[in-house]
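Asker: Give the three-dimensional model of this entry:
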Amino acid sequence: MSPDKTLTRIGALLRQAESTDNPHEGEAFMTAAQRLATGAAIDLAVARAHTASAEKRATPTQRLITIGEAGKRGLRTYAQLFLAIATANDVQCDITQTSAVIYAYGFAGDIDVCEALYSSLLFQMVRDSDAYIRSGAYRDEMTVRTVVERRGRQRISTQVRKPVAGVTARLNFQTAYAARIGRRLSETKQETEQAAIDASPATSSETALVLRNKEIELKDYYSSNSQARGTWRGGARAGAGHSSHARRAGDRAARSARLGQLPELGGPRGQLES
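Answerer: Numbering: from 1, shown residues only. From the prediction side, this is the model:
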């Protein structure tokens with residue numbers, strides 16, 4: 001191993017040791033760094049200095065992503081799509097209760113990828129859901145809704161069967177679409193990372209260490225900068241009703257979606273006008 005690679009590897013081990021909250025894990029990383037440094041006759045301070053000056057690596061940052069205007073219908077599913085993309089690209093997010101704004105935390109390159117994918121996939125999701133609604137395929141499905149009536153001082157709830165409304169079908173289609181996209185991207189990420197590790201068995205442990213270090217660095221940055229309180233419940237709401245047919249259609253459409261930027265979009269956008 002070349003001196004530069006040795007210094008970089010020692011530096012990575014030191015960052016791991018100094019950033020973990022687990023004392024046993026920290027000791028193990030420090031021991032590994034010391035063992036490698038001793039074998040190469042390198043002082044740990046020299047390794048730290050080399051890592052700081054030679055890498056000049058990117059650091060996590062925060063970016064505001066505007067999904068749309070507060071109160072606009074459909075923002076919840078748009079936000080779900082961005083969150084699904086972000087999860088698969090090492091970007092953590094906070095989101096306002098209106099689903100109108102997302103605060104993305106991650107490395108600039110990863111956030112750029114998220115914005116580009118979001119622009120392309122949002123275009124495809126809206127286009128495919130529009131086509132599904134125009135087809136009228138959802139109209140034959142019935143859904144059970146709870147109706148609350150007030151009789152004197154009593155509130156009586158009854159369940160009634162009603163045809164699926166267009167807005168219900170659209171929201172269910174897009175919810176399933178976003179979920180499937182998230183699974184596809186996560187699978188792609190896992191395959192890519194494993195391929196990088198398998199490509200060079202001699203440095204596989206070093207590659208795995210770099211990935212782990214990136215994860216820890218982002219986690220620390222998020223913990224230090226996020227001001228989120230509570231949990232976004234947008235993905236759990238079911239006030240518009242349920243449509244199994246629309247969800248299956250959304251899932252099918254997402255399976256064939258292009259995981260790349262459509263040429264007609266002309267570049268990443270944070271906000272879609274529709």
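
Asker: Quick check: mean pLDDT of stretch 155-167?
Answerer: Mean pLDDT, computed over stretch 155-167, is 79.

Asker: For it, buried residues please.
Answerer: If you call a residue buried by 16 or more other Cβ atoms under 10 Å, then stretch 155-167 has these buried ones: Val164, Ala165. Backbone N, C-alpha and C define where each C-beta goes, glycine included.

Asker: swap in stretch 9-26?
Answerer: Arg9, Ile10, Gly11, Ala12, Leu13, Leu14, Arg15, Gln16, Ala17, Thr20.

Asker: do stretch 130-137 as well
Answerer: Tyr132, Ile133.

Asker: quick check, nearest of the buried residues of stretch 9-26 to Ile156?
Answerer: Taking Cβ to Cβ as the measure, Ile156 lies nearest Thr20 of those, at 56.8 Å.

Asker: what's that closest one in contact with, if anything?
Answerer: Gly26, Phe29, Ile216 (Cβ atoms under 8 Å, 6 or more residues apart in numbering).

Asker: mind listing the helices for this protein?
Answerer: Ranges of helices within the chain are 3-19, 23-39, 44-50, 75-87, 108-135, 166-199, 204-225, 244-255, based on DSSP state H.

Asker: rank those helices by mean pLDDT and give me the bottom one.
Answerer: helix 44-50 (a mean of 59).

Asker: if we can go back for a sec, tell me which of the helices of the chain lies nearest to Arg63.
Answerer: helix 108-135 (5.2 Å).

Asker: Next, the angle from the closest one to helix 244-255.
Answerer: Put simply, helix 108-135 runs at 130 degrees to helix 244-255, going by axes from the mean of the first three to the mean of the last three Cα atoms, to 10 degrees.

Asker: Now render the contacts of Thr20 as a markdown table, adding distance to Phe107.
Answerer: Formatted as a markdown table, the contacts of Thr20 follow (distance: Cβ to Cβ, whole Å):
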| residue | distance to Phe107 |
| --- | --- |
| Gly26 | 24 |
| Phe29 | 22 |
| Ile216 | 13 |
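
Asker: Looking at the residues you listed, which is nearest Thr61?
Answerer: Distances from Thr61 to the contacts of Thr20, taken by Cβ to Cβ, are shortest for Ile216, at 16.4 Å.

Asker: Now that closest one. Nearest residue, chain neighbours left out?
Answerer: Ser19 (5.0 Å; Cβ to Cβ, 6 or more residues apart in numbering).

Asker: separation between the one you found and Arg258?
Answerer: Ser19 sits 38 Å away from Arg258, going by Cβ to Cβ, to the nearest Å.

Asker: just Gly152 next, same as before
Answerer: Taken as Cβ to Cβ, the span from Gly152 to Arg258 is 58 Å.

Asker: neighbour-wise, which of those two wins?
Answerer: It is Arg258, of Gly152 and Arg258, that has more neighbours when counted by other Cβ atoms under 10 Å, with 10 against 6.

Asker: Could you verify my assumption that the more buried one touches Met125?
Answerer: No - with contact defined as Cβ atoms under 8 Å, Arg258 does not reach Met125; the gap is 11.5 Å.

Asker: can I see the domain layout of this protein?
Answerer: 3-55, 61-135+165-265 (automatic domain parsing).

Asker: Return the most buried member of these.
Answerer: domain 61-135+165-265 (a mean of 17; mean count of other Cβ atoms under 10 Å).

Asker: quick one: that one to chain centroid distance?
Answerer: 5 Å (Cα atoms, centre = their mean, to the nearest Å).

Asker: circling back to that earlier point, and the helices of the chain as JSON lines, adding distance to Val148?
Answerer: Shown next, in JSON lines, are these (distance: least, Cβ to Cβ, whole Å):
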{"stretch": "helix 3-19", "distance to Val148": "52"}
{"stretch": "helix 23-39", "distance to Val148": "53"}
{"stretch": "helix 44-50", "distance to Val148": "65"}
{"stretch": "helix 75-87", "distance to Val148": "23"}
{"stretch": "helix 108-135", "distance to Val148": "28"}
{"stretch": "helix 166-199", "distance to Val148": "18"}
{"stretch": "helix 204-225", "distance to Val148": "41"}
{"stretch": "helix 244-255", "distance to Val148": "24"}
